[in-house]
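>>> got a predicted model here, sequence first, then my questions.
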Amino acid sequence: MSCPHVSAPSAARVPPSGQNIYKDECTQCFHSWDDANGVDVCLTCFNTGCPGADGHASAHAARTGHALAVNLTRSLKPRRVDDGTPPPAKIARLAIAAESDAEKYDVRSTVRCYACPNHQLISEPTGLIADAVAAVVKASSASLQNEVKAWELELEACEHTVCLEQTASVKLDATTAHCGQCDLRENLWLCLGCGHLGCGRAQFGGVSGNGHALAHATSAPGHAVAVKLGTITPEGTADLYCYACDDERIDPYLADHMAHFGVNLASSIKTEKSLVELQIEQNLKFEFDMTSADGALMTPVGKPGLLGLKNLGNSCYMASVIQCLLRIPEFRERYGGDAAQAHIAQCSAASHSDCWQCQWAKIATAVAKGGCPVDPTATAPTVPGEPSAPRPDNGAVTPAMFKHMIAKGHKEFAGMKQQDASEFWSYVVKQVAQQERRQGSSPTHVFDFTQQQVIQCPSCLGINASETTASSLNIMVPDEALKRALEADKTAGSPPVTVSATDCLQQAMREHVEFECPNCGPRVLGVKTTGFKTFPKYLVLTAQRFTYDNWVPKKSSVHIQWPGAESHAAVPLHFLHTPAPPADALKLDGADPCAQEGTMAGESAPDSEELVQLLQFGVPRGKARRALRLNPGGGLDAALNWVFTSPDDVDEAEEDAIQRSLASGGKAAAVPVDEGAVANLMDMGFSRGQAVRALRETAGNVERAIEWVFSHPDATDDDGPSAAAVPPSSSEDLNRARSDVDGAATDARYVVEAFINHKGPSMLCGHYIAHVTDNESARWIMINDDRVVVNPDPVPLLGEAYVYVLRRLD
């Protein structure tokens, strides 16, 4: 019996050219067209679902009335036989072309009608239906299109490339080319203004460079644009950098500009790796050991709740964060429970691939179902004509649709470059809170806590208290330990530098700050105590491991110790509790350090664009704020120069006090200075006032203080004696300050539930993995992208972790 629905005017339509069609995978589960029964693509709206009476395709048809769908099943073609035909050209990362499915796979298509009994198959579709099927089969999958789009560099021209002026022509001989200031013959950059050849900056991965191209651009105005030799292609692409914009650019007139030096683009051959290729290659080199201490392969594990996520290309930061989040019951229940399944059955979104609830439920359901363990020494079955796969299928899924949905609209996370896992954690938590606000309850409430800050004047013992809410906390590793670790890293075989996690947290609770006391005057050195008023169910901690070595920010390998954490021993954190001030305490209402001009008390002013950029470069917040304050009007470049020439650390609370004082009309608050440094400067003939002022302006650096005095000969310190130390009496009073905890905080005991590790010199390159607790067996599970194994000795990686997730014990 023929299907009566094929003749309906709206039975099918041909998809417009370029329309995204997720034809490779069900939009509501991970069933793919590589499975035996394939997937069904709706011929009306092109939604993809898994087939069968209880499948998502059937539910979609019943909900929308779209009767016809084409079933697509894909299988690998046999390996190409060597017939003398040259292989296709290798794809360059800067010019990725979407490879057609027809080139690699055989795709079988069958049309079925969901409105007919038993989902009748239509053997030979004709007319509009045949055209629609052909268009769907021919179209590149949306997943591939999104991946290509994310990989492509969104570069643009700038005024310096468009309006480039070239001097007298110089013929370039690439065979004898070397840097004009050194003998380097690689990583050479040609100034498009004058033809100067200079070496670039050193790149991670062993690419040498002394920065002579940058030095030339800095010293010669108008010579900001340079192209990297060896990356020029006949198509007109190349690595091109504008030092004035401090960013990669494109040159729409590159052929003409290179012809000025006798270079014909049509005959150019790419001989060096581009910047993107160098980053990708370096990231692939970072790997975590998958063997135990005795050299044996770690045991694979597969069970409900444990499932690998395949790497999409620099997506390990996302996979690590999602693995940790889905270990939290509130997240599992919200996105994998009955309510989530009910949403999938009733979702009326135009595209399930862009539906927030559908994509969260899709990945949460898959993880809840879990994967399967495999023999790590086995190989997958060999496809005829294809080499055997080195990594057997353990059920890991590809979260491409989820990544596209959650990162949509975010410039950094939507791309394919490596990102900071801690920043992505904060981004996801914020997005979940905003999306779930309409539901009245968000699973992110498990991270929320209230911090209380109390500042006490040592003279009148008056206090100022303020509260803030937060969902994560930084572990500030002492700078002294960071620097010792950097020195230890330079010596092979040196034991790791270790610090106690609880000591780091406790030391960060108290610090001396300058503030204006309404009772005692504007220059009071008080003690600020910051602690928890309430404790969260899950405490998220990020280890701050960066310091400066020769003015360059570097990641330190300090090990943070959590005694007994590997065996899930409780970590008492009740000492972080700060009790509310007594009712009879003297309140300093006019000394609120959180109040800024134009800002309500307890509310922070928005970060400037320059401050955001400095923070993205890895500059600590306190130092970034001081750099901008000491270089007014100089912009980002002046602030960065100050950062690189000022290796000393800056306390954020101290800088905060200075800026608040300035905002209220006062002078810069006095920074405690070292009396020994003051004496050294006075021995050189400077007055005490000059010495104190210079040390305050240069964060205590004696050498820079000397330079500062010579450049500010009339400057003196008007603030009286230096506040180098806390007066003994006030110090004793503050040491006696309420160290007790109330009853609600005495049970603030936590266990380390999960942690994320990073390997690499920067958070924006390298590789991330996650460790989670298997609560049934109390084992530590290491999840390295799609590989899920038992780690019998997590202690080394636990000490080096970047993000910790602690669970409070009831």
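Received, thanks.

>>> what about the strands in the stretch 51-200 of the chain?
Ranges of strands within the stretch 51-200 of the chain are 68-76, 105-113, 121-122, 188-191, 197-199, based on DSSP state E, counting those that start in this stretch.

>>> need these in JSON lines with distance to Ala748, mean pLDDT and mean neighbour count, can you?
Where you see a C-beta, it was placed from the backbone N, CA and C, and this is true even at glycine. Putting the strands of the stretch 51-200 of the chain into JSON lines (distance: least, C-beta to C-beta, whole Å; pLDDT from 0 to 100; neighbours: other C-beta atoms under 10 Å) gives the following:
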{"stretch": "strand 68-76", "distance to Ala748": "54", "mean pLDDT": "90", "mean neighbour count": "21"}
{"stretch": "strand 105-113", "distance to Ala748": "56", "mean pLDDT": "88", "mean neighbour count": "17"}
{"stretch": "strand 121-122", "distance to Ala748": "63", "mean pLDDT": "82", "mean neighbour count": "16"}
{"stretch": "strand 188-191", "distance to Ala748": "56", "mean pLDDT": "91", "mean neighbour count": "25"}
{"stretch": "strand 197-199", "distance to Ala748": "55", "mean pLDDT": "91", "mean neighbour count": "24"}
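
>>> let's have the ones you listed in CSV, adding distance to Phe447.
Below are the strands of the stretch 51-200 of the chain laid out as CSV (distance: least, C-beta to C-beta, whole Å):
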stretch, distance to Phe447
strand 68-76, 41
strand 105-113, 44
strand 121-122, 51
strand 188-191, 46
strand 197-199, 47
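
>>> and of those strands, who's closest to Ala135?
When those are ranked by proximity to Ala135, the top entry is strand 68-76, at 10.2 Å, counting by C-beta to C-beta.

>>> quick one: contacts for the residue lying closest to Val803 once chain neighbours are set aside?
Leaving aside its chain neighbours, Val803 sits nearest to Ile756 (4.1 Å; criterion: C-beta to C-beta, 6 or more residues apart in numbering). Contact partners of Ile756, counting by C-beta atoms under 8 Å, 6 or more residues apart in numbering, are 320-321, 324, 421, 768-771, 801-803.

>>> wait, is Ile756 part of a helix?
No - with DSSP: H, G, I helix; E, B strand; the rest coil as the criterion, Ile756 is strand rather than part of a helix.

>>> nearest to Asn775, out of the strands of the stretch 51-200 of the chain?
Judged by C-beta to C-beta, the one of the strands of the stretch 51-200 of the chain that comes nearest to Asn775 is strand 68-76, at 38.3 Å.

>>> pull that closest one out as PDB, backbone CA atoms only.
The C-alpha trace of strand 68-76 is given here as PDB (Å, rounded to 0.1, in the frame of the first residue of the first chain):
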ATOM      1  CA  LEU A  68       8.200  12.100   6.700                       C
ATOM      2  CA  ALA A  69      11.800  11.500   7.700                       C
ATOM      3  CA  VAL A  70      14.800  10.200   6.000                       C
ATOM      4  CA  ASN A  71      16.800   7.500   7.800                       C
ATOM      5  CA  LEU A  72      20.600   8.000   7.400                       C
ATOM      6  CA  THR A  73      23.100   5.200   8.200                       C
ATOM      7  CA  ARG A  74      26.800   5.800   7.700                       C
ATOM      8  CA  SER A  75      29.700   3.400   7.300                       C
ATOM      9  CA  LEU A  76      33.400   3.900   6.500                       C
END
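
>>> helices or strands up against that strand?
Taking 3 or more C-beta pairs under 8 Å, 6 or more residues apart in numbering; DSSP states H and E as contact, the helices and strands that strand 68-76 lies on are strand 39-42, strand 105-113, helix 127-138.

>>> between that strand and strand 105-113, how many degrees?
Here strand 68-76 runs at an angle of 160 degrees relative to strand 105-113 (axes from the mean of the first three to the mean of the last three C-alpha atoms, to 10 degrees).

>>> possible to save the contacts of Ile756 as JSON lines with secondary structure and pLDDT?
Listed next are the contacts of Ile756 as JSON lines, based on DSSP: H, G, I helix; E, B strand; the rest coil; pLDDT from 0 to 100:
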{"residue": "Ser320", "secondary structure": "helix", "pLDDT": "96"}
{"residue": "Val321", "secondary structure": "helix", "pLDDT": "96"}
{"residue": "Cys324", "secondary structure": "helix", "pLDDT": "96"}
{"residue": "Ala421", "secondary structure": "helix", "pLDDT": "91"}
{"residue": "Tyr768", "secondary structure": "strand", "pLDDT": "91"}
{"residue": "Ile769", "secondary structure": "strand", "pLDDT": "93"}
{"residue": "Ala770", "secondary structure": "strand", "pLDDT": "95"}
{"residue": "His771", "secondary structure": "strand", "pLDDT": "95"}
{"residue": "Ala801", "secondary structure": "coil", "pLDDT": "93"}
{"residue": "Tyr802", "secondary structure": "coil", "pLDDT": "93"}
{"residue": "Val803", "secondary structure": "strand", "pLDDT": "95"}
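
>>> Pro620: which of those residues is nearest?
Compare each of the contacts of Ile756 with Pro620 using C-beta to C-beta and the shortest gap goes to Tyr802, at 16.0 Å.

>>> could you measure from the closest one over to Ser320?
Tyr802 sits at a distance of 9 Å from Ser320 (criterion: C-beta to C-beta, to the nearest Å).

>>> with neighbour numbers in mind, choose between the two.
Ser320 (30 against 21; other C-beta atoms under 10 Å).

>>> doesn't Asp420 make contact with the more buried one?
No - here Ser320 lies out of contact with Asp420, judged by C-beta atoms under 8 Å, at a distance of 11.3 Å.

>>> what about Thr542, which helix or strand?
When elements are assigned from DSSP states H and E, Thr542 belongs to strand 538-544.

>>> between the strands of the stretch 51-200 of the chain, which one is nearest to Arg749?
Minimum separation from Arg749 across the strands of the stretch 51-200 of the chain (C-beta to C-beta) falls at strand 68-76, 52.3 Å.
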